[in-house]
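Q: sequence first, then the predicted structure, then my questions.
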There are 2 protein chains.
Amino acid sequence: MILSRIILGLLDLTPMTGADLKRHFDTTVNHFWSADKAQIYRTLGTIVDDGHATVTVVPGTNTPDRLEHHLTPAGREALHDWLRSDLDRQPEREAFLARVFLADALDDDELSALIEQRRALALARQGEFEAIRDAMPEPATRAEHLRFATLDHGLRHVQVELDWLDALEEQLP
Amino acid sequence: MILSRIILGLLDLTPMTGADLKRHFDTTVNHFWSADKAQIYRTLGTIVDDGHATVTVVPGTNTPDRLEHHLTPAGREALHDWLRSDLDRQPEREAFLARVFLADALDDDELSALIEQRRALALARQGEFEAIRDAMPEPATRAEHLRFATLDHGLRHVQVELDWLDALEEQLP
DNA sequence: AGACGCTAGTCGATCTGTCAACTAGCGAAG
DNA sequence: CTTCGCTAGTTGACAGATCGACTAGCGTCT
């Protein structure tokens, strides 16, 4: 459902093939949604079945033929409907917090290692986000502001994660 | 996988039935993991099949019989192994950010409504977290500190979400 | 007595996501 | 010329999660 709406949104920017979409899910959109190749192609199939996109074959010159998907008016409307629909509280799923909750079974060294691993992951994400941000042009249009905001969201959350890790390390007896 | 480990961790505290576990997933553990009734019972089945817990029937007096699950040494070891295993980066999945990313298709009023809805959800979560925190005793043992930390994590992230929403509203042209 | 409702537990269908293997065409390296 | 690697797309099997319906016993309300 959400994946299909994101795909409609990306197709709205420009017609794309499954491979193009996979590239988006690995780069521009990766910080809030990722998707498997197989899943993208299958979802693309149902999008076409629903009449939300049409397919044109673009003969590849030195690559295989590409199936370019074009958003239809019905697809654009489905996207718009979704954007206006009510937000649902989606369930929290934080495997790391589950470990912390149960971590009293670990000794002090193992617990420190757990925290350090999490810090390393957070720092890595921070680096990636900053690299993407620094490669972005200064946001000018509203659309660019919105895209930038999703990155800023990630950066702020990574920062608070790092702060929390510092506090946790200090607090532990 | 993660669900089964959380269940092992909860069974480590005290033997429980599926219904007891469901209560935990709806309350104490809800802020970082939730689970469906059917899923809990099925996972409990595989936990028993794996030899990680044994079942004893506790005859109900004015309720149906309860199937109490007791952690075995093998189960405790599986839990401990998981706690020490390497953290994996888990994929981000933020449906709300997907909407923001694509929200240029909305007019100004619809966009404000989207932001307001998100703020309302964040404030609701903040209220719930604070209520749980205020009902908790001052953490004394290490185990209590760790449980408290998972709540603190939620509170800090909610706060940064609210700050980000404020910033977003100001920035938009 | 009959209708509800609560609790504990079970089941089937379905959806989403993940992994790995696979076809098929082209170009470049050896 | 064969092998290798790249790209685009397809498929089957499976795990995890979700929904709704269901059995069954007991208590209470009318």
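A: Arrived safely. Treat the numbers as computed from the prediction; the structure is a model and nothing was measured.
Q: scan chain A for its longest helix.
A: helix A:142-171 (DSSP state H).
Q: what's the neighbour count on residue A:55?
A: By other Cβ atoms under 10 Å in any protein chain shown, the residues close to residue A:55 number 15. Bear in mind the C-beta positions are built from the backbone N, C-alpha and C, glycine included.
Q: burial count for the nearest residue to it once chain neighbours are set aside?
A: Spatial nearest neighbour of residue A:55, excluding adjacent residues (Cβ to Cβ, 6 or more residues apart in numbering or on different chains): residue A:67 at 5.2 Å. A count of nearby residues for residue A:67, using other Cβ under 10 Å, gives 16.
Q: surely residue A:67 is within a strand?
A: Yes. Residue A:67: assigned to a strand according to DSSP: H, G, I helix; E, B strand; the rest coil.
Q: residues making contact with the helix or strand of chain A with the lowest mean pLDDT?
A: None of the helices or strands of chain A scores lower by mean pLDDT, DSSP states H and E than strand A:53-58, at a mean of 94. Applying Cβ atoms under 8 Å, 6 or more residues apart in numbering or on different chains, the set of residues contacting strand A:53-58 from outside is A:8, A:11, A:15, A:17, A:44, A:47-48, A:65-72, A:75.
Q: neighbouring strands - and their directions - for that strand?
A: Strand pairing for strand A:53-58, using DSSP bridges, gives strand A:66-71 (antiparallel).
Q: is DNA strand C within reach of stretch A:24-38?
A: Yes. Stretch A:24-38 reaches DNA strand C (Cβ under 7 Å from any atom of the strand) through A:34-38.
Q: among those residues, who's most crowded?
A: Neighbour max across these (other Cβ under 10 Å) = residue A:35, 20 neighbours.
Q: so chain A: which segments form each domain?
A: A:2-84, A:95-171 (automatic domain parsing).
Q: can you name the residues of chain A that neighbour DNA strand C?
A: A:1-3, A:34-39, A:62-64.
Q: check the residues you listed against chain B, which are close?
A: Among those, the residues within reach of chain B (Cβ under 8 Å from any Cβ of the partner chain) are A:2, A:34.
Q: can you redo the residues of chain A next to DNA strand C as TSV with pLDDT, secondary structure and distance to residue A:21?
A: Below are those laid out as TSV (pLDDT from 0 to 100; DSSP: H, G, I helix; E, B strand; the rest coil; distance: Cβ to Cβ, whole Å):
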residue	pLDDT	secondary structure	distance to residue A:21
A:1	91	coil	16
A:2	96	helix	14
A:3	98	helix	10
A:34	96	coil	12
A:35	96	coil	8
A:36	96	coil	11
A:37	96	helix	9
A:38	97	helix	12
A:39	97	helix	10
A:62	69	coil	21
A:63	74	coil	16
A:64	78	coil	16
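Q: ok, and of the residues of chain A next to DNA strand C, which contact DNA strand D?
A: The residues of the residues of chain A next to DNA strand C that also fall near DNA strand D, by Cβ under 7 Å from any atom of the strand, are A:37-38, A:63-64.
Q: ok, residue A:46 touching residue A:1?
A: No. Under the criterion of Cβ atoms under 8 Å, residue A:46 makes no contact with residue A:1, lying 10.3 Å away.
Q: returning to what we had before: can you tell me which of the ones next to DNA strand D among the residues of chain A next to DNA strand C is nearest DNA strand C?
A: residue A:38 (3.4 Å; Cβ to the nearest atom of the strand).
Q: distance check, the closest one against chain B.
A: 15 Å (Cβ to the nearest Cβ, to the nearest Å).
Q: of the contacts of strand A:53-58 - the most surrounded one?
A: Tallying neighbours with other Cβ under 10 Å puts residue A:8 at the head of the contacts of strand A:53-58, with 27 neighbours.
Q: for that one, give its distance to residue A:23.
A: Distance, residue A:8 to residue A:23, by Cβ to Cβ, to the nearest Å: 17 Å.
Q: kindly report the same for residue A:53.
A: 18 Å.
Q: which one's more surrounded, the two?
A: residue A:53 (22 against 13).
Q: residue A:138 sits in which helix or strand?
A: Residue A:138 belongs to no helix or strand when assigned by DSSP states H and E.
Q: quick check: residue A:44 touching residue A:19?
A: No. Residue A:44 is not in contact with residue A:19 according to Cβ under 8 Å; the separation is 10.7 Å.
Q: angle of the helix or strand harbouring residue A:9 against strand A:53-58?
A: For residue A:9, the host element (DSSP H and E) is helix A:2-13. With axes from the mean of the first three to the mean of the last three Cα atoms, to 10 degrees as the basis, helix A:2-13 and strand A:53-58 are set at 60 degrees to each other.
Q: hmm, back to that, so the least confident helix or strand of chain A, near DNA strand D or not?
A: No. Strand A:53-58 is not in contact with DNA strand D by Cβ under 7 Å from any atom of the strand; minimum separation 7.8 Å.
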